[in-house]
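Peer 1: A structural model of the following input is requested.
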Amino acid sequence: MARYKVFDLETENYETYKRFANPFDEINYVVARGWKNQGDERNSWTYHTGRGPDNRLKIEDDITLLVGHNIKFDLLYEWDNPDLIAFFKRGGRIWDTQYVEYLLEGAHQAVQMVAMDSIAEKYGGRKKIDEVKALWDMGVKTSAIDKDLLIDYLVGTEDENRDSGDIGNTEKIFLGQLEKAKKKSMVTMIFARMDGLCATTEMEWNGLKIDVQEAARRMKIMEAELKETEDALVEFVPELPEGLDFNWNSGSHVSCLIFGGTLKYSKQAPYIDPKTGEFARKKAMEEQPVLDEHGNPTVFTSGKKKGQPRTKRVEVPGEIKVKFQDFYFELPGYTVPDNKWKLATVDGAGQPIYSTDADTIEELGKRDIPFLKLYSKAQSLNKDLGTYYVKYDEKKKEYKGMLTCVMKGTHIIHHSLHHTLTVTTRLSSSSPNLQNIPKEETSEVKKMFISRFPGGKMIEADYTQLEVVVQGLLSLDRQLIEDLCNKVDFHCKRVSAWKGITYEEALYRCKDDSYPEHKLWKKYRTDAKVFSFQRAYGAGAAKISETTGIPIEDVQALIEAEETLYSGIITFNQRVEKSANDTAVAFRDPVRGFRPFRRGHWQAPTGTIYSWRTWDAPSWLAKKGIKDSFMPTELKNYPVQGTGGEIVQTQLGLLWRHFVANDNYGGRALLCNTVHDCVWIDSAPEVVQQVAKDTKRILESVPETLERLYGIKSPVPFPCEVEEGDNLYSKHVIHLAA
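Peer 2: Residues are numbered from 1 along each chain as shown. Below you'll find the predicted structure:
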C-alpha cells in the first residue's frame, strides 16, 4: 500500500559562503530529524551530534510521497542519501507545502516564502510558542539548544505527539492543501512543478565550477581599467573648496555635476560667538608684568624674590575655535534633466536630485556631455566587480560579489534557485543571482563557468522565441500559429515592417554577414527583439521607444500593425482582464491606510492561478469616479511570463527524471543551472553528443507533455537550440548526429 512520509530537519546553522545553514559545508549537519509515515500513531525523531552514515532519513520501500515545508532545504541535506536516490528511481514524488500554498493562492506577495506558522491554524494545526526561533534569532546555534526543547519544537510534546510540532502541522497543511488542489483541478500541475523543484535542487547540489585563474585574470584587468577611468574622470570635476571631495559613486554628486545642483559638505571652521559678535576663541592665560602708576614694570622689594620682576596671570584671547559646520557649493551642470528622472531625494539647497542609473545615462548619450562615456564605463566596471567578481563594500564593511560564494577546495558555487518569490511563478535566484548573468556581447563573465570534467564541455539548451510561442499557445491566434509553424523569424518580420522592406530582404540583411551593412541591420534585429519581448510582457509604446531607440511613431505603427495581424492576442488579453474583474474580491491595503482595493485572478488551462491586485486609478479614470483599477501591463505580462516559466519548470522536471534514470550518464553529466528559458549542463566530453540530443528531445516535447498531462493540444512547436563550449562564453551550436 502506498504511503506518504512527512519529515523535517533541524540543522546546525552556520552561515558560510553567503548561504545560511549551508548544507555544503561540513560545519553544518542534521542535529534533529523528525518524521511520520501515513498511518503511524506517533511521530518519530532522532538526535545527532555530527555527520555520519547513521545521520540519514530512512525511506521505506512503500513510501511514494515525501512531504515537507520548504522541502528543498531539507532535501539538500539528504540529496546523496541512498534511500532518497532509490526513492526517486522508483518514481517517488515530493510535496512542498510552502510551494503549494503559493500556487493555491495565486502567487501574490503575501504568500511568497510563507512561513509554516502563518498557515498552520488555517488547516487545523497549532501555532507554536516559538522559544526555539527566539533562540535562533539571538544567534544561538541549533546544537546548543536544549535537546528536549528542540524535539518538542520538531515533533510536539509527549502527550500531544501526533498533532503538534512541525511534523503534525505539516501533515495537517498537506492534507488540507490536497483537498483544495483537487477541487481547483491543480493536482497534476502541482506534481509537475514538484519535479521541477527536484530539478533545481539537483542544480543547487551540483553547482557551477568556476575558473578561478580566469576570474583573477579578468578581475585584475577590470580593476586597472577602473582606476584609469576614475583618474580620467577627475579632470571633469571643477575646482572644489577645501573639505569637499567629489564622489563618483554618489548618485547625488553625479546628479549635481550633470544637471546642476548644490553639494552640501561639512568641515571644521571658525564660528562667531553670539555674545561678542567675533570669532569664538578658546580661553587662555598669560603671565604679564605688574606695572606701577607710571606704567613701568615693578620688582619684588624684599624676600627671596627681591629684585625679580613681579608678574600676574591674565586671561587673554586664545586660539580661534573651530567646529564642524555645513557648507554649500553650487555646480552649474551640463544639461537640463527630464522630469521623469526626478527622485525623492534633494540636494543641499532642497532641489530635486535626478537618477543617474544606467538607463538614464544611456538616454543622455544623445546629448553633448563630455565625460558621459567614461562615467558609463566606470559604472559598468563597478557593477561587474561588485556583482560578478569581488569588491569591498565600504558601507557594510564586507566583501561582496559572486566570487565570495566560491567554495574553497572545490571552486564550486552552490547558488539558490527560488520557486516562490515572484508574482508570475517564474524562478528567481540569489547568493549569487545566476539568472542575471550578462550576455556575451556585453561582458566576459561567462568565461568563468567551466566544466569540472577533464576536457569537459558546458552545454546550454535554450528555447527559441519562447514568449512568442507561449502567446500562440494561449491566444490560439491563427496567423501567429501559422507564422510559428513556418518558423518565421519574428524579429526580422518586425524589422521588415519597421523599415518598409520585404520579410525576405530583412532576413538577408539581418542574418547574412556578407551584406555590406550587416552590423547595422543586426542591431535593428536586436532592437526588434527587445520590442518583441516587451510587447509580450505588456510594455507600452513610450517604454519600448525609450528602450530600443525606435522612434515612438514607428513603435506605434508596429503595434497597430501587429494588433491587426494578430488580433487573437487582443481577444485573449480581454478574456484575462474580464476574469480578473469577475473574480475580484475586496481587501484592505495597510500600506495605503487600509484603503479598500480588489484582488482578482485567472486560471490557466494547466491549472495555474495568476492573481492581480488593483492600484490607485490613473487620473483619467479617477475623473470618472473610478478609484482603483488593474494594471494593464501586469494583466498582459503574468500569463505569458508565467506560462513560459511553468513550461520550462515542467520540462526540467522531465529532464531531471531522465538524468535520475540514467544515473547522470554514469556520473558524467550534471544539471547545474537554469536561466529563464534555458538550462546549463556540465558534461564529460565522451557523452556531450548524447546529452545534447536527449536534452533537445525532452525540452522540445512540450506538445506531448501538455496533451499527456492536461489534454491540451498545442498548435505550435517549442523549438530549442543547443550549444556547447569549453566555457559558457565560447559556445557554438552543436551539430547533432542522427
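Peer 1: burial measure for Thr301, as a count.
Peer 2: Using other C-beta atoms under 10 Å, Thr301 is surrounded by 9 other residues. Every C-beta, even on glycine, is put in place using the N, C-alpha and C of the backbone.
Peer 1: show me where the stretch 501-650 of the chain has its helices.
Peer 2: 503-511, 518-536, 541-548, 552-565, 567-582, 619-622, 632-661 (DSSP state H, counting those that start in this stretch).
Peer 1: in the chain, which helix or strand is least confident?
Peer 2: For the chain, the helix or strand with the lowest mean confidence is helix 541-548, at a mean of 79 (criterion: mean pLDDT, DSSP states H and E).
Peer 1: who touches it?
Peer 2: 363, 527-528, 530-531, 534-535, 539, 550-552, 554-556, 559 (C-beta atoms under 8 Å, 6 or more residues apart in numbering).
Peer 1: so that helix versus helix 518-536, what angle?
Peer 2: 150 degrees (axes from the mean of the first three to the mean of the last three C-alpha atoms, to 10 degrees).
Peer 1: what are the buried residues along helix 541-548?
Peer 2: 541, 544-548 (16 or more other C-beta atoms under 10 Å).
Peer 1: same question for stretch 442-462.
Peer 2: Neighbour-count burial for stretch 442-462 [16+ other C-beta under 10 Å]: 443-453, 456-462.
Peer 1: tell me the mean pLDDT for that stretch?
Peer 2: The average of the pLDDT scores along stretch 442-462 is 95.
Peer 1: same question for stretch 68-82.
Peer 2: In the prediction, stretch 68-82 has an average pLDDT of 98.
Peer 1: contacts for it, please.
Peer 2: Taking C-beta under 8 Å, 6+ apart as the rule, stretch 68-82 contacts 6-9, 11, 21, 23-24, 29-30, 56-57, 59, 84, 94-99, 113, 116, 166, 170, 173, 197-198, 200-202, 204-205.
Peer 1: just the buried subset of the residues you listed, please.
Peer 2: For the contacts of stretch 68-82, buried by 16+ other C-beta under 10 Å: 6-9, 11, 21, 23-24, 29-30, 56-57, 59, 84, 94-99, 116, 166, 170, 173, 197-198, 200-202, 204-205.
Peer 1: among those, which lie within helices?
Peer 2: 84, 97-99, 166, 170, 173, 197-198, 200-202, 204-205 (DSSP state H).
Peer 1: now these in CSV, with distance to Ala358?
Peer 2: Shown next, in CSV, are those (distance: C-beta to C-beta, whole Å):
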residue, distance to Ala358
Leu84, 44
Thr97, 40
Gln98, 35
Tyr99, 34
Asp166, 45
Thr170, 44
Ile173, 43
Leu197, 34
Cys198, 37
Thr200, 29
Thr201, 34
Glu202, 34
Glu204, 30
Trp205, 34
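Peer 1: list just the nearest of the residues you listed to Glu724.
Peer 2: Of all those, Glu202 has the smallest distance to Glu724: 19.8 Å, by C-beta to C-beta.
Peer 1: show me what the closest residue to that closest one other than its chain neighbours is bridged to.
Peer 2: The spatial neighbour of Glu202 that comes closest, neighbours along the chain excluded (C-beta to C-beta, 6 or more residues apart in numbering), is Leu671 at 5.2 Å. When bridges are called by DSSP bridges, Leu671 pairs up with Ile681.
Peer 1: let me know how buried Leu671 is, in neighbour terms.
Peer 2: Quick note: Leu671 (other C-beta under 10 Å) scores 25 neighbours.
Peer 1: care to break the protein down by domain?
Peer 2: Domain assignment for the chain by automatic domain parsing gives 3-183, 215-267+326-405, 448-467+644-733, 468-641.
Peer 1: and the shortest one, how far from the chain's centre?
Peer 2: Translated: domain 448-467+644-733. 22 Å (C-alpha atoms, centre = their mean, to the nearest Å).
Peer 1: go on, stretch 520-538?
Peer 2: 23 Å.
Peer 1: what of stretch 401-414?
Peer 2: Using C-alpha atoms, centre = their mean, the offset of stretch 401-414 from its chain centre is 18 Å.
Peer 1: just the CA trace of that stretch, in CSV.
Peer 2: Taking C-alpha atoms only, stretch 401-414 is exported to CSV below (Å, rounded to 0.1, in the frame of the first residue of the first chain):
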residue,chain,number,x,y,z
GLY,A,401,30.3,39.8,-5.3
MET,A,402,29.8,36.4,-6.9
LEU,A,403,33.3,35.1,-6.1
THR,A,404,32.7,35.4,-2.4
CYS,A,405,30.4,32.3,-2.9
VAL,A,406,33.1,30.1,-4.4
MET,A,407,33.8,27.2,-2.0
LYS,A,408,37.5,26.7,-1.2
GLY,A,409,38.9,23.4,-2.5
THR,A,410,36.1,22.6,-5.0
HIS,A,411,35.9,26.0,-6.6
ILE,A,412,32.1,25.3,-6.9
ILE,A,413,29.3,27.9,-6.5
HIS,A,414,26.2,26.4,-4.9
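Peer 1: residue numbering should commence at 41 henceforth.
Peer 2: Sure, I'll start numbering at 41, so the last one becomes stretch 441-454.
Peer 1: pLDDT score assigned to the residue lying closest to Ser471 once chain neighbours are set aside?
Peer 2: Counting by C-beta to C-beta, 6+ apart, Lys58 is the residue found nearest to Ser471 once chain neighbours are left out, at 4.5 Å. In this model, Lys58 is scored at 94, pLDDT.
Peer 1: gap between Lys58 and Leu443?
Peer 2: Distance, Lys58 to Leu443, using C-beta to C-beta, to the nearest Å: 11 Å.
Peer 1: low-confidence stretches in the stretch 241-390 of the chain?
Peer 2: Scanning the stretch 241-390 of the chain for pLDDT under 70 picks out no residues.
Peer 1: can you map out the strands along it?
Peer 2: With strands called from DSSP state E, counting those that start in this stretch, the stretch 241-390 of the chain shows them at 248-250, 301-310, 321-329, 351-360, 362-371, 382-386.
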